[in-house]
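Asks: With the sequence up front, the predicted model follows.
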Amino acid sequence: MPKQYRGLDLDPFQAESFAALERGQSVIVAAPTGSGKTLVAEYAIERALQAGERVVYTAPIKALSNQKFRDFSARWGADKVGILTGDVAIRPDAPCCIMTTEIFRNCIFEGDRLKDVRWCVFDEIHFIDDEERGTVWEESVIFAPPAIRFVCLSATVPNLDDLAGWMSKARGQEFAVVRSDKRPVPLEHRFFVPWGGGPLDLATLKRSAREWKPREPPPWKQRKGYGRARRRPARPAPPPRPDPTVAIDHARNAGRLPLLYFAFGRRACEELTRANSGRNLMRPDEEARAGAMFDALAARFGIAEQPGAMTMRRLIVGGTAYHHAGMLPTLKEVVEQLFAAGLVKILFATETFALGVNMPAASVAFDDISKFNGIDFRYLRVRDYQQMAGRAGRRGMDTKGTVFALTSGTPDDARACARMVTGTPEPIESRFHLSYATILNLLERLGERLPEVAERSFAAYLEEVGPGGMPAAELLRRRMEILREFHYIAGTALTPKGRFASHLFGYEMQVSELLWQRRLEGLEAPELAALFTSLVYEPRKGAWHELPHPEDMASFRRRFEPPIESVRRAEDHKRLPTLTKAPNFNLTSAAMAWTEGADFGQLRDHASLDPGDLVRTFRQALQVMRQTRQALPPEKTELKAQLKLAVAAMDRDEVDAEKQLNTQARTAPRPEAETPKPE
């Protein structure tokens, strides 16, 4: 077995994985965050490139895809590496192509797109458990061309053998399973409680846990009203939590900076950054370097005049910054590069920062051990806690990684902390539910054998080896009934409407119904941009929008809602677990203004959305418009022309993902082979 790679001594699990690849085997590698799984993927890619074989690297999020494109281009040369996402297509036929998993799945059904691919890396394969997108991973495993071998990277999960057994059965090839529970940089977990005395180790936290009961509110604060309003109890006050500054002060005084501080909310990240911006964290030379680097990157990305960028610069020269999905993607990139360069001492971030992005720190802090799931507050899952905690400890730099958590110190909190630190991560479950577009593609290939697909799912495999899974066959049957009712299929054949819908992965029912009922005829580019934005837009709670004139809004609703609502009613009648998304027209004014040439800053007059949400929504609309234009029948020349105009008008400046990625590639530092590289 190989002992070294790129001048690095291999850990046993890496050497075992390399040996499996040398044998030409597919492999699943499960190891803690930060242990070096990425090195296995890079070895597989390098072997493939040297052998003249084509390889695909898939990732669950576009940010990770973009990062890998930059890193791989620097390592193996721009001519060897391409990227294909919903937003970007740069050298998609390159020997190594980076894709989101959704695009890889789509390519499977697009004829010969993957005919010469011999290896596929699945980064974060445990994402198969994701509620919304996990089914895409299952579809990719089941339907990828037989010649492809897989390299799957996973967090540690208890039912890895089940996953490997299913993949081996689905692919008809044996998967080597490689496990490691060892972290190269061990973690130390410490906890802060409201009554002080921290940080506590886990044993001390459990011994010192205190019950907490909220006091009854005084009479003048008790709920007023009549009937149900008076009977409904007020939400009890939560137990007190320690001030975040105790963890930040301790990390600083103990020499445990840089600190990656996780807070479960965008506003919380920003408020914590502002509250700690007065700290003297930087040497004068670091302040100068941070300011110069920020100015150079901001100028390169064209965001120097953005209000958010100017605010961020003031924070960064003091050593603090925040990072969340509501920021402009370019501003997030600037923050990431400064953090990677060691010029951000405390970064307040939401949990997505921990997903695959190679940005470890000396220590990690949790603002809370629970988060809001849309309904109530729930303790973090073991898997989530360990993924985020795993960003503590830089390989080759730290002898340990320190993890701090703020807790109320109640017995329930103490038990939750013990579970997160020492417990077994939750097993991977199947989320298999075929989309309408996938069903149509499979029906064309398999005909009457389509029901067999449900039998090949991970859910069906779990039902064979033990309890679990979901009724995939029943869900498939009900979706087929919808497709027949709305004339997408006749018998086992696709109608012209069904063939059109088979090319749209996402929003296929909405677009197809609108097209076939001639609701898209006569629309001009700004109206098309507004319509497709309404199809993808999902507003965040509390957002303000400037709405069109009531008559215009009523006209939009009368024209576009009924065809989609008829599908939703049919789905509800058949008790499908999720309904086709209804359009939301609240961004109509903003979308039309942008398409007609407004500056990005002017969109604040049309909606109170965070910049990142606007960019993401417009990019999603662009992706659906591109798919629609490509799938349109030849005779739809006028609609094709207007869609082309709408795409060109919307895909500019801050929304232009390809321009952003090309700029990132020019600014990213080249990785050095001799530098120990954490995962």
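Replies: Cool, got the structure. All figures in this text were calculated on a predicted structure; none of them were measured in a lab.
Asks: V536: what's it in contact with?
Replies: By C-beta atoms under 8 Å, 6 or more residues apart in numbering, the contact set of V536 is Y507, T617, Q620, A621, V624. Yep, even glycine has a C-beta here, placed from its N, CA and C like the rest.
Asks: what helices or strands is the helix or strand hosting the last one leaning on?
Replies: Right, the one you point to is V624. Per DSSP states H and E: V624 is located in helix 611-631. Counting contacts by 3 or more C-beta pairs under 8 Å, 6 or more residues apart in numbering; DSSP states H and E, helix 611-631 is packed against helix 329-340, helix 508-516, helix 525-536, helix 588-595, helix 637-650.
Asks: Quick one: closest of those helices to G7.
Replies: Closest to G7 of these is helix 329-340 (C-beta to C-beta; 20.7 Å).
Asks: if we can go back for a sec, pLDDT (mean, whole number) over the helix holding V624?
Replies: Per-residue pLDDT over helix 611-631 has a mean of 95.
Asks: Ok, stretch 341-357 next?
Replies: The model assigns stretch 341-357 a mean pLDDT of 86.
Asks: What residues of that stretch count as buried?
Replies: By neighbour count on 16 or more other C-beta atoms under 10 Å, the buried set for stretch 341-357 is 343-351, 353-357.
Asks: Tell me the one of the residues you listed nearest D368?
Replies: Using C-beta to C-beta, E351 comes nearest to D368 of the buried residues of stretch 341-357, at 11.3 Å.
Asks: residues contacting the closest one?
Replies: Taking C-beta under 8 Å, 6+ apart, one finds F262, F264, K371, D384, M388 in contact with E351.
Asks: what about the second one, which SS state?
Replies: Here F264 is recorded as coil under DSSP: H, G, I helix; E, B strand; the rest coil.
Asks: pretty sure it is touching F372, no?
Replies: Yes - counting by C-beta atoms under 8 Å, F372 is a contact partner of F264 at 7.0 Å.
Asks: In terms of neighbours, single out the busier of these two.
Replies: More crowded of F264 and F372, by other C-beta atoms under 10 Å: F264, with 17 against 11.
Asks: Give me the distance between that one and T495.
Replies: Counting by C-beta to C-beta, to the nearest Å, the separation of F264 from T495 is 47 Å.
Asks: Surely D87 touches R619?
Replies: Yes - at 5.1 Å, D87 and R619 qualify as touching, with contact defined as C-beta under 8 Å.
Asks: Check the secondary structure at A405 for me.
Replies: Under three-state DSSP, A405 comes out as strand.
Asks: neighbours around it, how many?
Replies: 28.
Asks: looking at the chain, which helix or strand does the model trust least?
Replies: Ranked by mean pLDDT, DSSP states H and E, the helix or strand of the chain with the weakest confidence is helix 227-231, at a mean of 50.
Asks: After that one, which helix or strand is next? Please name it.
Replies: Proceeding N to C from helix 227-231, the next assigned helix or strand is helix 244-253, under DSSP H and E.
Asks: Next, the angle from the top helix by length along the chain to helix 508-516.
Replies: Longest helix in the chain, counting residues (DSSP state H): helix 550-573. Orientation check (axes from the mean of the first three to the mean of the last three C-alpha atoms, to 10 degrees): helix 550-573 against helix 508-516 gives 120 degrees.
Asks: Tell me which other helices or strands helix 550-573 touches.
Replies: Using 3+ C-beta pairs under 8 Å, 6+ apart, helix 550-573 is in contact with helix 472-485, helix 508-516, helix 525-536, helix 588-595.
Asks: rank the ones you listed by pLDDT, which is bottom?
Replies: Of all the helices and strands packed on helix 550-573, mean pLDDT reaches its minimum on helix 472-485 (a mean of 91).
Asks: Tell me the gap between it and the middle of its chain.
Replies: 28 Å (C-alpha atoms, centre = their mean, to the nearest Å).
Asks: Same check on stretch 427-447?
Replies: 21 Å.
Asks: In that stretch, which residues are buried?
Replies: Buried residues in stretch 427-447, counted by 16+ other C-beta under 10 Å: 427-444.
Asks: pLDDT averaged over that stretch - what is it?
Replies: In this model, stretch 427-447 has an average pLDDT of 90.
Asks: Start and end of that stretch, how far apart?
Replies: Taking C-alpha to C-alpha, to the nearest Å, stretch 427-447 runs 34 Å from one end to the other.
Asks: Over to stretch 577-591?
Replies: From the first residue to the last, stretch 577-591 extends over 31 Å; the measure is C-alpha to C-alpha.
Asks: Which positions within that stretch qualify as buried?
Replies: Buried residues in stretch 577-591, defined by neighbour count with 16+ other C-beta under 10 Å: T580, K581, P583, F585, N586, L587, T588, S589, A590, A591.
Asks: Can you give the distance of that stretch from its chain's centre?
Replies: Between the centre of stretch 577-591 and the centre of its chain there are 21 Å (C-alpha atoms, centre = their mean).
Asks: could you give the angle of the helix holding V624 to helix 525-536?
Replies: Using the same axes, to 10 degrees, the direction of helix 611-631 lies 110 degrees away from that of helix 525-536.
Asks: could you dump helix 611-631 to PDB, C-alpha only?
Replies: Output of helix 611-631 as PDB, limited to C-alpha atoms (Å, rounded to 0.1, in the frame of the first residue of the first chain):
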ATOM      1  CA  PRO A 611     -28.600  40.700  -1.000                       C
ATOM      2  CA  GLY A 612     -27.700  37.000  -1.000                       C
ATOM      3  CA  ASP A 613     -31.400  36.000  -1.100                       C
ATOM      4  CA  LEU A 614     -32.000  38.200  -4.100                       C
ATOM      5  CA  VAL A 615     -29.000  36.900  -6.000                       C
ATOM      6  CA  ARG A 616     -29.900  33.300  -5.200                       C
ATOM      7  CA  THR A 617     -33.500  33.700  -6.300                       C
ATOM      8  CA  PHE A 618     -32.600  35.400  -9.600                       C
ATOM      9  CA  ARG A 619     -30.000  32.700 -10.300                       C
ATOM     10  CA  GLN A 620     -32.700  30.000  -9.700                       C
ATOM     11  CA  ALA A 621     -35.000  31.800 -12.100                       C
ATOM     12  CA  LEU A 622     -32.300  32.000 -14.700                       C
ATOM     13  CA  GLN A 623     -31.600  28.300 -14.400                       C
ATOM     14  CA  VAL A 624     -35.300  27.400 -15.000                       C
ATOM     15  CA  MET A 625     -35.500  29.900 -17.900                       C
ATOM     16  CA  ARG A 626     -32.500  28.400 -19.600                       C
ATOM     17  CA  GLN A 627     -33.900  24.900 -19.200                       C
ATOM     18  CA  THR A 628     -37.300  26.000 -20.600                       C
ATOM     19  CA  ARG A 629     -35.800  27.800 -23.600                       C
ATOM     20  CA  GLN A 630     -33.700  24.700 -24.500                       C
ATOM     21  CA  ALA A 631     -36.700  22.400 -24.200                       C
END
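Asks: re earlier: now the helices and strands packed on helix 611-631 as CSV including distance to C417?
Replies: Output for those, formatted as CSV (distance: least, C-beta to C-beta, whole Å):
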stretch, distance to C417
helix 329-340, 27
helix 508-516, 45
helix 525-536, 39
helix 588-595, 43
helix 637-650, 47
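Asks: Appreciated, that's everything.
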